[in-house]
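S.K.: how does the following fold in three dimensions:
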Amino acid sequence: MYQDERLEEILKIVSKKKVISNEDLLNQVYSSKSTLRRDLIILEKQGKIERKFGYITVVDASNVEFGYQIRMKKAHEKKKSIASIANDFIGDGEAIFCDSSTTCMHLVPYLIKKQNLIIITNGLHIATSLSERSDAKIYICGGHIYNSSGSVLGSSASEFISNFRADIAFISCEGISKNGIYMSNDEQAQIKEKIITQARETILLCDSSKVNKESYYKLCGYDNIDTIITDKKPEKNSFLVNTDIELLYPVE
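M.R.: Numbering: from 1, shown residues only. Alright, predicted model coming up:
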């Protein structure tokens, strides 16, 4: 079976199921595990599917905004509490990187109250919201748009970020464990890697639902992160307690 035929068949199966595990999909297609993985990467880059922790979901291009709003509401209170702590790191006149995550989107109400900010982002929703409500100087990356998240990705987006040096970067992730920080999309991860490189200080915004979870792409280790902000105090035996990184959470 040719690649185009495989992609069409995969999309047909995922569209019918809406959500399917990697294992179940592999049992329904005539290809090896490695071939299926390559095909899924292509479909994800085309914005037709999403991969999350061993599952594949179909992206309805006509319903992208609705999908984004669902993610905004997911763990909403946790993200709000994280953003309120992150606000203390933002000073007037600073240059700031924000990735395209919904967690960073929760920073917008705080960013609009600051003066003379320079904000560099690869998030369409973040840039649009700030441009409508803030006098900050806003820069958005060029590149291809990942439909389901409103993220601007690709080599041109990475090159754009290389032109800036920021005081602080705010990034999120798909999961964290004792082994490091993880993403399920390699292009998203590559943008975050570049952001980390170009920032003097990097703060990871990570709600508690992502703790002790890993995905297939390791973004970085903890030596690349200055501060982790989460929404509740970790357990005493958590790996987070034993890192040398500043760990912040709301006072109970």
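S.K.: make it CA atoms for all contacts and neighbour counts henceforth
M.R.: OK.
S.K.: ok, the residue nearest to residue 49 when sequence neighbours are not counted - contacts?
M.R.: Of all residues beyond its chain neighbours, the one nearest residue 49 is residue 58 (4.4 Å), with distances taken as CA to CA, 6 or more residues apart in numbering. For residue 58, the residues meeting the contact criterion (CA atoms under 8 Å, 6 or more residues apart in numbering) are 11, 14-15, 18-19, 48-50.
S.K.: measure stretch 229-244 end to end?
M.R.: End-to-end distance for stretch 229-244: 14 Å, by CA to CA, to the nearest Å.
S.K.: so what touches that stretch?
M.R.: Under the criterion CA under 8 Å, 6+ apart, residues 78-79, 81-82, 85-86, 177-178, 203-208, 222, 247-250, 252 lie in contact with stretch 229-244.
S.K.: show me which positions of it end up buried.
M.R.: For stretch 229-244, the buried set under the neighbour-count rule, 16 or more other CA atoms under 10 Å, comprises 229-233, 240.
S.K.: show me those that map onto strands.
M.R.: Counting by DSSP state E, the members of the buried residues of stretch 229-244 that fall within strands are residue 229.
S.K.: what's the farthest-apart pair in the buried residues of stretch 229-244?
M.R.: 231 and 240 (12.9 Å; CA to CA).
S.K.: what is the closest residue to residue 248 other than its chain neighbours paired to in the beta sheet?
M.R.: Sequence neighbours aside, residue 229 is the residue nearest to residue 248 in space, at 4.8 Å (criterion: CA to CA, 6+ apart). Counting by DSSP bridges, residue 229 is bridged to residue 205, residue 248.
S.K.: distance check, residue 229 against residue 130.
M.R.: Look at residue 229 and residue 130: by CA to CA, they are 22 Å apart.
S.K.: likewise for residue 111?
M.R.: According to CA to CA, residue 111 and residue 130 sit 8 Å apart.
S.K.: about what we covered before: can you select the buried ones among the contacts of stretch 229-244 for me in PyMOL?
M.R.: The command below creates a PyMOL selection of those among these that count as buried (16+ other CA under 10 Å):
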select buried, resi 78+79+81+82+85+86+177+178+203+204+205+206+207+208+222+247+248+249
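S.K.: so, low pLDDT: which residues of the stretch 101-250 of the chain?
M.R.: Low-confidence regions of the stretch 101-250 of the chain, defined by pLDDT under 70, span residues 147-148.
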